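Participant: let me see the structure of the following:
(chains A and B)
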Amino acid sequence: MASEAGSYANAGEYISHHLTNLTYGKLEAGATMCDGSTLESTQWVLGGCSAEFNQMGFWAFHVDSMVWSILLGAIFLFTFWRVGKKATQGVPKGMQNFVETIVEFIDSQVRDTFHGKNPWIAPIALTVFVWVFLSNLMDIVPVDLIPYTLELLGVKYQKIVPSTDPNITLGTAVFVFFLMIYYSFKVKGFGFIKELSFTPFNHWIFVPFNLFLELVGLIAKPFSLGLRLFGNLYAAEMIFILIALMFGAGIFFAAFAGVLQMAWAIFHIMVIPLQAFIFMVLTIVYLSQAHEDH
Amino acid sequence: MVFQQARPKPVPRPPAWRLVTFQAIAALVIGLAVVVVTPDVWFEVIWAGALCVVAQSYFTWRSLRHFGSRHTALFVVATSQGLFGKWIILAAGLIPVWVTQPDLNAITMLLMVVILNTLSAMLAPILVK
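Facilitator: Coordinates of the predicted model:
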């Protein structure tokens, strides 16, 4: 529970600080700054306190989530590229063994679930799985470790788990949604609109009713992807933060918190790959449905 | 016979439509009671009740669409779509009304949604066997 001043005023401040993103955004003229002064002209600034973040409105970017997402993506790409470059045909060892296990696992999932012909589905599924897994894995890092270290370096706010940010999870879900729409039109052409209009009732009188049913289902897909991941990881992060609060309440509670932290971390180790797996399977199924042409 | 069919009979679908019927009846009863007791919020209650019935119908239809399919992922996905679709219908039916009609009592609508969904969730183990 450390901060610039040594400790937080209360538990609420500690929690809200840990749930606040480092935000870069547009502040309009007249906005109240952290020091109480008023901004004379409209500016793009890196916010310094929650009062500034709240005034940024729609044009606000969560810099920490974006940086961590890109960093984790780069780690994934670099690791797999390096292993792929050095891969040998013999019995795999070490990292190559690990990467081959993941690739084979994803490949078998795609073969079981996807029945179309598209060589891009397995790489997409692999990317989604590993990237979501790495994002979720950041939740295992002790809640204060990186934020506090960065705070000492002058970065006041830092959320290190990208999948606890709905912008990131819904952004990934929207990417899958666009792929779905793209492949639906590519494979079925105008038949995609026909499918939406004439399913489940194959008569023109029911077109508005069919469209209502199918469009709700279509819009539900990205929400079911993004909100599930966000909800699970945000709740888990919140529990880690609440347990961490106990460390400041004396030696007895600190020891108890240590046990709780360990227990929750062990349980969370199961949640991390499970959520990544669900996200990947849903992605494959949605893309498979986009390729099904009757 | 060399080969025996793995699934000789189709899997019967659970009577999940009973929940929709129950919600419709409950909405009607609450609506009638409100018309008699506090008629100034009758529109809110009827609108929220109707939305709940439509949303629950959508959930039931969508989630049971692939019920019994050998491709189990389809059933899981359909249920997930049904769940999120249900709340999308409720949000799309409530939020525009709140924005365009500020005089309407939003709390009453939310309360109606919560009551109907909680009631049906509590009775689901009895109604759907």
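
Participant: check contacts around residue 55.
Facilitator: Picking chain A for this. A:27-28, A:31-32 (C-beta atoms under 8 Å, 6 or more residues apart in numbering or on different chains). Where you see a C-beta, it was placed from the backbone N, CA and C, and this is true even at glycine.

Participant: oops, wrong one, chain B.
Facilitator: Per C-beta under 8 Å, 6+ apart, neighbours of residue B:55: B:85-87, B:89-90, B:93.

Participant: change it to 10 Å
Facilitator: Counting by C-beta atoms under 10 Å, 6 or more residues apart in numbering or on different chains, residue B:55 touches A:216, B:20, B:23, B:82, B:85-93, B:113, B:116-117.

Participant: return the member of those nearest to residue A:110.
Facilitator: Lowest distance from residue A:110 to the contacts of residue B:55 (C-beta to C-beta) belongs to residue B:82, with 24.9 Å.

Participant: count of neighbours near the nearest residue to residue A:254 once chain neighbours are set aside?
Facilitator: Of all residues beyond its chain neighbours, the one nearest residue A:254 is residue A:247 (4.9 Å), with distances taken as C-beta to C-beta, 6 or more residues apart in numbering or on different chains. Burial of residue A:247 is recorded as 18 neighbouring residues (other C-beta atoms under 10 Å in any protein chain shown).

Participant: what's the pLDDT at residue A:247?
Facilitator: As predicted, residue A:247 sits at a pLDDT of 83.

Participant: wait, it sits on residue A:11?
Facilitator: No. If you go by C-beta atoms under 10 Å, residue A:247 and residue A:11 don't touch, sitting 11.7 Å apart.

Participant: quick one: the helix or strand of chain B at the bottom of the mean pLDDT ranking near chain A?
Facilitator: Within chain B, no helix or strand scores below helix B:72-100, which has a mean of 91 by mean pLDDT, DSSP states H and E. Yes. Using C-beta under 10 Å from any C-beta of the partner chain, a contact is recorded between helix B:72-100 and chain A, made by B:73-74, B:76-89, B:91-92.

Participant: restricting to C-alpha, output the helix or strand that that helix is followed by in PDB.
Facilitator: Per DSSP states H and E, the first helix or strand lying C-terminal to helix B:72-100 is helix B:106-127. Presented in PDB, the C-alpha positions along helix B:106-127 are these (Å, rounded to 0.1, in the frame of the first residue of the first chain):
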ATOM      1  CA  ALA B 106     -36.400   4.600 -14.700                       C
ATOM      2  CA  ILE B 107     -36.200   3.100 -11.200                       C
ATOM      3  CA  THR B 108     -39.600   1.400 -11.600                       C
ATOM      4  CA  MET B 109     -38.500  -0.100 -14.900                       C
ATOM      5  CA  LEU B 110     -35.300  -1.400 -13.500                       C
ATOM      6  CA  LEU B 111     -37.100  -2.800 -10.400                       C
ATOM      7  CA  MET B 112     -39.600  -4.600 -12.700                       C
ATOM      8  CA  VAL B 113     -36.800  -6.100 -14.700                       C
ATOM      9  CA  VAL B 114     -35.000  -7.200 -11.500                       C
ATOM     10  CA  ILE B 115     -38.200  -8.600 -10.000                       C
ATOM     11  CA  LEU B 116     -39.300 -10.600 -13.000                       C
ATOM     12  CA  ASN B 117     -35.800 -12.000 -13.700                       C
ATOM     13  CA  THR B 118     -35.200 -12.900 -10.000                       C
ATOM     14  CA  LEU B 119     -38.600 -14.600  -9.700                       C
ATOM     15  CA  SER B 120     -38.000 -16.700 -12.900                       C
ATOM     16  CA  ALA B 121     -34.500 -17.600 -11.800                       C
ATOM     17  CA  MET B 122     -35.800 -18.700  -8.400                       C
ATOM     18  CA  LEU B 123     -38.600 -20.800 -10.000                       C
ATOM     19  CA  ALA B 124     -36.400 -22.200 -12.800                       C
ATOM     20  CA  PRO B 125     -35.500 -25.400 -11.000                       C
ATOM     21  CA  ILE B 126     -39.200 -26.100 -10.400                       C
ATOM     22  CA  LEU B 127     -40.500 -25.000 -13.800                       C
END
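
Participant: what's helix B:106-127 packed up against?
Facilitator: For helix B:106-127, the packing partners by 3 or more C-beta pairs under 10 Å, 6 or more residues apart in numbering or on different chains; DSSP states H and E come out as helix B:17-37, helix B:42-63, helix B:72-100.

Participant: now do the buried residues in the longest one.
Facilitator: Burial within helix B:72-100, assessed by neighbour count using 16 or more other C-beta atoms under 10 Å in any protein chain shown, is assigned to B:73-90, B:93-94, B:97.

Participant: and the residue nearest to residue B:17 when sequence neighbours are not counted, how many neighbours?
Facilitator: Leaving aside its sequence neighbours, residue B:17 sits nearest to residue B:60 (C-beta to C-beta, 6+ apart; 5.9 Å). By other C-beta under 10 Å, 21 other residues sit near residue B:60.
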